[in-house]
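# One predicted model, sequence on top.
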Amino acid sequence: MEFLGREAELAALEAAYASAQSAFFPIYGRRRVGKTELILRFMRGRPGLYFLGKQAPAAEQIREFLENAALAFGEPLLAELQVDNWKKALTQALARRPRDRKCVLVIDEFQWAAAAAPGLTSVLQELWDLDWSRAGNIFLILCGSYLGFMEREVLGRKSPLFGRRTGQILLEPFGYEEAARFHPGLRPVDLARTWFFCGGIPFYLKLFNARQSLAVNLQTNFLSPFGPLHREAEFLLREELREVERYQAVLMSLATGSLRAVDIARKSGIPSANLQYYLKHLLELGYLKRRLPLSSRSAGAHAVRYAVADPVLRFWFRFIFPHASRIVSLGPAAAYDQLISPELEAYCGQCFEGLCRQALPRLYRREPVHGAFEIGEYWDSRVQIDVVGLRDDGRIDLGECRWGPVGSWSGLVQELGRRIAAYPNPENRTVQGWLFTRQRGSRRDPRTRYVCLEDLYPAEIGCGSE
């Protein structure tokens, strides 16, 4: 499949490469988000050295680095050097780089290379300060999947490299509109369903075949023992974490929705005093998200909820992990019919709320809405509101999401009105009600904004109606 998206990120790298100064770009983001593909795309046609860190002794990684440098720079003798530290290896390799153009040096999965050689960040700082930054023709990229590590050990104030970056890229998953470009021509309802299961992760989006139904895609990728996502969650967790069983217990407890920490501790069996350790690592990997009710009133720590941020992990721990034995015994088709199909629309309804929250800023841009805003949701003991837009222009947008069929549009408007009345609005701001639905409905209430799936997916992306 052709390389899609990331135009802004590529433009930032191109501009830095074109400058007369050396560049240092940390690039980080959760696993599978496409960091390596972005880097390799940028390096195409440019002199450079790419090295992939791994969980291996430093000596083994240094030897492989020099072998890569020998091939990249056409200097076979580099592979024969007997070097026992990173400073010598980097100095020797970069001394043989092409001098007529800026040279790109990439250390991917930097967290593993640094873990095997704790002084590596200090070595890079010394080389950058004394040589590479002055040379004007070095483009250093440190890439990592562990967000917490990259933010502490590369970008953080206590890092030897602090203050030296000339740019940075936190690579986020694609939004739902960008994700739709992987499957042009699908109906909006099928684009939405694909996003519910793949999110904005390019690796997952490429696995879903637009010529096959959602049921076949789920059977092929998740339910078949030979499917690429059949054991994806286990792979992701074992790549970065120990005590995988405890992390699985946390994710399993969250698979059916968002919870407070006290509820996660109860459902997972992990003592509350220990739970924050596991939550912290899952947050730093980008697999969990913290949620707070959005209103003009500040919410205390007791209101924090946690939810699974990654759609594949959410689906996997909701449907695959708790039914692993039955899936094997039933086979993919029967497992889908018995275990997934009966609950699929309800599951999509939960995911639809997240899509609507992501869509609201895009709808604002179309109007356009001027000024800053926050997007979220709200809950308290009396009410749950799916979409909240808190705007600096003094307005508040409150939305109700309905994925399933709407039996009574007037009844849905009345329910939205009750929720609006229960939302805390001490400043008496102007409130606009929104209804987000899968199907297009009659617009009878002039005080309510109606948005359907066809409104969320521009005509050039989606194909036809539901």
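That came in fine, so what should we check first?

# okay, CA-based contacts and neighbour counts for the rest of this
Noted.

# separation between residue 178 and residue 113?
To residue 113, residue 178 is 33 Å away according to CA to CA, to the nearest Å.

# out of these two, which sits in the busier spot?
Using other CA atoms under 10 Å as the criterion, residue 178 and residue 113 rank with residue 113 on top: 23 against 14.

# what helix or strand is the more buried one on?
helix 110-116 (DSSP states H and E).

# Tell me the pLDDT of the residue nearest to residue 116 when sequence neighbours are not counted.
Distances taken as CA to CA, 6 or more residues apart in numbering place residue 58 nearest to residue 116, at 5.2 Å, with adjacent residues excluded. Listed pLDDT for residue 58 reads 97.

# Contact partners for residue 58?
Neighbour list for residue 58: 113, 116-117 [criterion: CA atoms under 8 Å, 6 or more residues apart in numbering].

# let's see 10 Å
Applying CA atoms under 10 Å, 6 or more residues apart in numbering, we find residue 58 in contact with 64, 84-86, 112-118, 120.

# Weed out the non-buried ones from those residues.
64, 85-86, 112-117, 120 (16 or more other CA atoms under 10 Å).

# The host helix or strand of residue 139 pairs with which strands, parallel or anti?
Residue 139 belongs to strand 138-144 when assigned by DSSP H and E. Sheet pairing for strand 138-144, assigned by DSSP bridges, gives strand 23-28 (parallel), strand 103-108 (parallel).

# Can you name the element that comes right after it?
helix 147-149.

# can you redo the buried ones among the contacts of residue 58 as CSV with pLDDT?
Below are these laid out as CSV (pLDDT from 0 to 100):
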residue, pLDDT
64, 97
85, 96
86, 97
112, 95
113, 97
114, 97
115, 95
116, 96
117, 96
120, 97
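
# Tabulate those (TSV), appending distance to residue 269.
Output for the buried ones among the contacts of residue 58, formatted as TSV (distance: CA to CA, whole Å):
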residue	distance to residue 269
64	43
85	45
86	44
112	31
113	35
114	34
115	31
116	33
117	36
120	39
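
# For burial, what's the neighbour tally of residue 82?
12.

# ah, wrong one, I meant residue 238
Neighbours around residue 238, by other CA under 10 Å: 13.

# Check the one 3 residues further on too.
The local packing count at residue 241 equals 14, with neighbours defined by other CA under 10 Å.

# Pull up the gap between it and residue 313, please.
15 Å.

# repeat for residue 306
14 Å.

# Residue 60 too?
For residue 60, the distance to residue 313 - CA to CA - is 33 Å.

# do residue 185 as well
27 Å.

# repeat for residue 49
34 Å.

# where do the helices sit along the stretch 151-300 of the chain?
176-179, 188-198, 202-207, 214-218, 232-240, 244-254, 261-268, 272-284 (DSSP state H, counting those that start in this stretch).

# Please identify the most buried of these.
Greatest average neighbour count among these goes to helix 188-198 (a mean of 23), per mean count of other CA atoms under 10 Å.

# give me phi/psi at the residue most central in space within the chain?
The centre of the chain sits closest to residue 173, judged by CA atoms, centre = their mean, with a distance of 4.0 Å. Phi and psi for residue 173, reported as degrees, to the nearest 10, are phi -60, psi 150.

# what's the closest residue to it other than its chain neighbours in contact with, if anything?
Distances taken as CA to CA, 6+ apart put residue 200 closest to residue 173, at 4.5 Å, once the chain neighbours are dropped. Residues near residue 200 by CA under 10 Å, 6+ apart: 32-33, 172-180, 194, 310-311.

# helix, strand or coil for residue 12?
helix (DSSP: H, G, I helix; E, B strand; the rest coil).

# ok, residue 269 - contacts?
Per CA under 10 Å, 6+ apart, neighbours of residue 269: 246, 249-250, 253, 263, 275.

# ok, the buried ones among the contacts of residue 58 vs residue 438, which is closest?
residue 112 (44.4 Å; CA to CA).

# ok, back up a step: export the contacts of residue 269 to JSON lines and append columns for pLDDT and distance to residue 150.
JSON lines is the format used below for these (pLDDT from 0 to 100; distance: CA to CA, whole Å):
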{"residue": "246", "pLDDT": "95", "distance to residue 150": "24"}
{"residue": "249", "pLDDT": "95", "distance to residue 150": "26"}
{"residue": "250", "pLDDT": "96", "distance to residue 150": "24"}
{"residue": "253", "pLDDT": "94", "distance to residue 150": "28"}
{"residue": "263", "pLDDT": "93", "distance to residue 150": "30"}
{"residue": "275", "pLDDT": "95", "distance to residue 150": "23"}
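
# Spatially, which two of those residues are the most separated?
Top of the distance list for those (CA to CA): 246 and 263, 15.0 Å.

# Check the gap between the closest residue to residue 275 other than its chain neighbours and residue 304 for me.
In this structure, residue 275 finds its nearest non-sequential neighbour in residue 265, 6.5 Å apart by CA to CA, 6+ apart. For residue 265, the distance to residue 304 equals 14 Å [CA to CA].

# backbone phi and psi for residue 60, please?
Torsion angles, degrees, to the nearest 10, at residue 60: phi -70, psi -40.

# Repeat that for residue 434.
Torsion angles, degrees, to the nearest 10, at residue 434: phi -130, psi 140.

# follow-up on the earlier one: just the CA atoms of the helix holding residue 113, as PDB, please.
Below are the C-alpha coordinates for helix 110-116, written out as PDB (Å, rounded to 0.1, in the frame of the first residue of the first chain):
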ATOM      1  CA  PHE A 110      16.100   4.300  21.400                       C
ATOM      2  CA  GLN A 111      14.800   3.200  24.800                       C
ATOM      3  CA  TRP A 112      16.300  -0.300  24.300                       C
ATOM      4  CA  ALA A 113      19.700   1.000  23.100                       C
ATOM      5  CA  ALA A 114      19.800   3.300  26.100                       C
ATOM      6  CA  ALA A 115      18.800   0.700  28.600                       C
ATOM      7  CA  ALA A 116      21.700  -1.500  27.500                       C
END
